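**Student:** Pasted the sequence and its predicted model underneath.
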Amino acid sequence: MNFVQKCIAYLKDNPEGYWFKRKVFGWGWVPATWQGWTITAIYIALVIALASTLDKYSSPNEVMFVFALPVVLLTATFLRIAYKTGEPPKWQWGFPKKEE
């Protein structure tokens, strides 16, 4: 079984129905269900939409209040959703061992 197949099997092994599962390497989450992917896509689309409001003539205040502050708040909201609907976070290096 190659690495990609192992990752897919890891994500599909989700009896608790977590929207986000722990990353295989490191700390954090990866979307595991359609709900997780939808939240991630919405987050990315909103960041791109906010970025498109800026141009090279934007003042520093405009950059701060129209882009940076909303992105910080949006990111905090995204992380809160991932924390509430995902596996409890912990450092992981490799696929978890099956408990028998």
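**Tutor:** Right, received. Where do you want to start? Here the structure is a predicted model, which is why all the values come from computation and not from measurement.
**Student:** Please report the distance of residue 5 from residue 47.
**Tutor:** 31 Å (CB to CB, to the nearest Å). Backbone N, C-alpha and C define where each C-beta goes, glycine included.
**Student:** Enumerate every residue touching residue 16.
**Tutor:** Residues in contact with residue 16 (CB atoms under 8 Å, 6 or more residues apart in numbering) are residue 87.
**Student:** tell me the secondary structure for it?
**Tutor:** Secondary structure state of residue 16, per DSSP: H, G, I helix; E, B strand; the rest coil, is coil.
**Student:** How about residue 80?
**Tutor:** Applying three-state DSSP: residue 80 is helix.
**Student:** And residue 5 and residue 47? Which one has more around it.
**Tutor:** Using other CB atoms under 10 Å as the criterion, residue 5 and residue 47 rank with residue 47 on top: 16 against 9.
**Student:** show me what contacts that one?
**Tutor:** Residue 47 neighbours (CB under 8 Å, 6+ apart): 71, 74.
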